[in-house]
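Chemist: quick check, what structure comes out for this input:
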Amino acid sequence: MPDSKPVYLDHAATTPVDPRVLQAMLPFFRERYGNPSSLHRYGQQAEAAVERARKAVAAVLACRPAEVLFTSCATESDNLALRGAAWAARSQRGARRIITTPVEHHAVLHTAMQLAADFDFELDLLPVDEYGMVAPSTLASRLDQDVALVSIIYANNEIGTINPIPELAALCRQRAIPFHTDAVQAAGQLTLNVDELQVDMLSLGAHKFYGPKGIGVLYVREGTPLQPAQTGGGQEFGLRAGTHNVPLIVGLAEALRLAADERDRHVAHYADLRDAIVSGVIEHIPQVRLTGHPEKRMANHASFVMRGVDGNHLLAALDAAGFACSSGSACKTGNPEPSDVLLTLGISHEWALGSLRVTVGRDTCSADVERFLAVLPDLVQRIRSLGRQEEV
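Modeler: Prediction:
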């Protein structure tokens, strides 16, 4: 085991809770623990906290508080957006086609696939370029009145590519077709101003921007038809039933406020470290390729494929050396098959098996990156050598 402290380089998977966020949450576990639906003072305190949080989130998104829905996580937000908008579109105007991409997070892609397989919708997957990006002209050619909704990821979790969301969403706005984006990776690094983005729905998850796990947001533009996917009580304007998780809602709002206020400083820090990782890996490891767009990518995100390397073996070796990284998305780690996203980009099976994602965070420093780059080339060479011996 290494002598120095382990280095966490998997911030696209999750982030630690900011101490300031934890402090904001603590009173709502023990002191102000009421149910926001209750009429007594405890309930009123809790309800006031939820509505303050809603206003804080709305301030970051530049929207009305009534357009902010709290959910249990980003996956639920994605599910509610797709199911709710698809059902409403079919009910109101007979539209049945769902347009998305093959490089979406599974929270979107698998939901769209189930709607097609079990609920009589048609799934239309847009082609993407070698970087995983959608061209506005490609989307424009697919739009007509049978489209129920369009969902395109803002920033890709596996390869870091940023899509031209304002241009894509504007095409749908012109045709009154609801447009949703999974903005989970974008929070804290890219603008979330919904008018600038021109989106009708946008999903967030707090644990990606130094908030708690188990809480998310779905922005729904006023007038966007949406049917509830979870029924029961009348919480969240009748669109998402269930007792509010007040501490986590408070934590999400505080984390999002801090992320927005401090964004420029953190993004500059991330980009310096990311660029050092990319240049160091490309320079010192043979037969390696950067995945995702070389410029239009997340500031904290470096991702690669390496020929002749088993990605899971590499992750285990890195972990033993004191570095926590990922192979593709956190949801794919441990799967011996290559990522569908990488195969969609035209990367061969052999290269795609050797994927590595390195994502830095607020506490990552230059010394961490230097240590990582000092260790990685030897580990890759060792794993390649073992692979050649096994072939013999």
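Chemist: now for the residue lying closest to Val288 once chain neighbours are set aside, how many residues are close by?
Modeler: Nearest residue to Val288 in three dimensions, chain neighbours excluded: Met306, at 4.8 Å (C-beta to C-beta, 6 or more residues apart in numbering). From N, CA and C alone the C-beta is placed, and that goes for glycine too. Using other C-beta atoms under 10 Å, Met306 has 24 neighbouring residues.
Chemist: please apply the same query to His266.
Modeler: Neighbours around His266, by other C-beta under 10 Å: 20.
Chemist: so after the helix or strand containing it, what's the next helix or strand?
Modeler: Assigned by DSSP states H and E, His266 belongs to helix 263-284. Next along the chain after helix 263-284, taking DSSP H and E as the criterion, comes strand 288-290.
Chemist: mean confidence (pLDDT) on that following strand, please.
Modeler: Averaged over strand 288-290, pLDDT sits at 98.
Chemist: doesn't Gly292 make contact with Ile162?
Modeler: No. Using C-beta atoms under 8 Å, Ile162 makes no contact with Gly292, being 9.0 Å away.
Chemist: mind listing the shared neighbours of those two?
Modeler: Asn156 (C-beta atoms under 8 Å, 6 or more residues apart in numbering).
Chemist: looking at these two, which is more packed in?
Modeler: Gly292 (27 against 24).
Chemist: once you drop chain neighbours, what's closest to that one?
Modeler: The spatial neighbour of Gly292 that comes closest, neighbours along the chain excluded (C-beta to C-beta, 6+ apart), is Ile159 at 3.3 Å.
Chemist: gap between the one you found and Val128?
Modeler: 10 Å (C-beta to C-beta, to the nearest Å).
Chemist: what do those two both touch?
Modeler: 103, 345.
Chemist: give me the number of residues near Arg54?
Modeler: Using other C-beta under 10 Å, Arg54 has 21 neighbouring residues.
Chemist: ok, now how distant is it from Asn312?
Modeler: Distance check for Arg54 against Asn312: by C-beta to C-beta, it reads 42 Å.
Chemist: same check, this time on Ala268
Modeler: Per C-beta to C-beta, Ala268 is found 33 Å from Asn312.
Chemist: out of these two, which sits in the more crowded spot?
Modeler: Between Ala268 and Asn312, counted using other C-beta under 10 Å, the more crowded position is Asn312 (16 against 10).
Chemist: regarding the chain, what is its longest helix?
Modeler: Identified as the longest helix of the chain according to DSSP state H is helix 366-391.
Chemist: the nearest residue to Pro377 once chain neighbours are set aside: what's it in contact with?
Modeler: Nearest residue to Pro377, sequence neighbours excluded (C-beta to C-beta, 6+ apart): His284, at 4.8 Å. Residues near His284 by C-beta under 8 Å, 6+ apart: 373, 376-377.
Chemist: am I right that Leu318 is in contact with Leu376?
Modeler: Yes. Between Leu318 and Leu376 there is a contact at 7.4 Å, judged by C-beta under 8 Å.
Chemist: for the stretch 251-392 of the chain, which spans come out with low pLDDT?
Modeler: Along the stretch 251-392 of the chain, segments meeting pLDDT under 70 span 328-336, 388-392.
Chemist: list phi and psi for Thr100.
Modeler: The phi and psi values for Thr100, taken as degrees, to the nearest 10, are phi -150, psi -160.
Chemist: that one: neighbouring residues, count only.
Modeler: 24.
Chemist: list the contacts for the nearest residue to it once chain neighbours are set aside?
Modeler: If the residues on either side of it in the chain are set aside, Thr100 comes closest to Ser151, at 4.7 Å by C-beta to C-beta, 6+ apart. Counting by C-beta under 8 Å, 6+ apart, Ser151 touches 78, 81-82, 98-100, 104, 108, 112, 179-182.
Chemist: pick the one among the residues you listed closest to Glu350.
Modeler: Nearest to Glu350 out of those is Glu104 (C-beta to C-beta; 24.8 Å).
Chemist: excluding chain neighbours, what is closest to Trp87?
Modeler: Trp87's closest residue in space is Gln227 (C-beta to C-beta, 6+ apart), at 4.4 Å.
Chemist: what do you get for Cys172?
Modeler: Nearest non-adjacent residue to Cys172, counting by C-beta to C-beta, 6+ apart: Phe179, 4.0 Å away.
Chemist: re earlier: state the distance from the residue nearest to Thr100 to Ala135.
Modeler: 17 Å.
Chemist: return the distance of stretch 77-86 from the chain's centre.
Modeler: Relative to its chain's centre, stretch 77-86 lies at 16 Å (C-alpha atoms, centre = their mean, to the nearest Å).
Chemist: for it, list the C-alpha coordinates in CSV.
Modeler: Extracted as CSV, the C-alpha positions of stretch 77-86 are listed here (Å, rounded to 0.1, in the frame of the first residue of the first chain):
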residue,chain,number,x,y,z
SER,A,77,-36.0,13.2,-12.4
ASP,A,78,-35.0,11.7,-15.8
ASN,A,79,-37.8,9.0,-15.4
LEU,A,80,-40.4,11.6,-14.5
ALA,A,81,-39.4,13.8,-17.4
LEU,A,82,-39.5,11.1,-20.0
ARG,A,83,-42.5,9.1,-18.7
GLY,A,84,-44.5,12.2,-17.8
ALA,A,85,-43.9,14.1,-21.0
ALA,A,86,-44.4,11.0,-23.2
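Chemist: what segments of the stretch 101-250 of the chain are strands?
Modeler: Here the stretch 101-250 of the chain has its strands, by DSSP state E, counting those that start in this stretch, at 122-125, 147-151, 179-182, 201-205, 216-220.
Chemist: got TSV for the ones you listed, with mean pLDDT and distance to Val50 too?
Modeler: Below are those laid out as TSV (pLDDT from 0 to 100; distance: least, C-beta to C-beta, whole Å):
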stretch	mean pLDDT	distance to Val50
strand 122-125	98	36
strand 147-151	98	27
strand 179-182	98	24
strand 201-205	98	16
strand 216-220	98	12
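Chemist: quick one: average confidence on the regular element (helix or strand) spanning Ala81?
Modeler: Element membership of Ala81 [criterion: DSSP H and E] is helix 74-93. Summarised as a single mean, pLDDT over helix 74-93 is 98.
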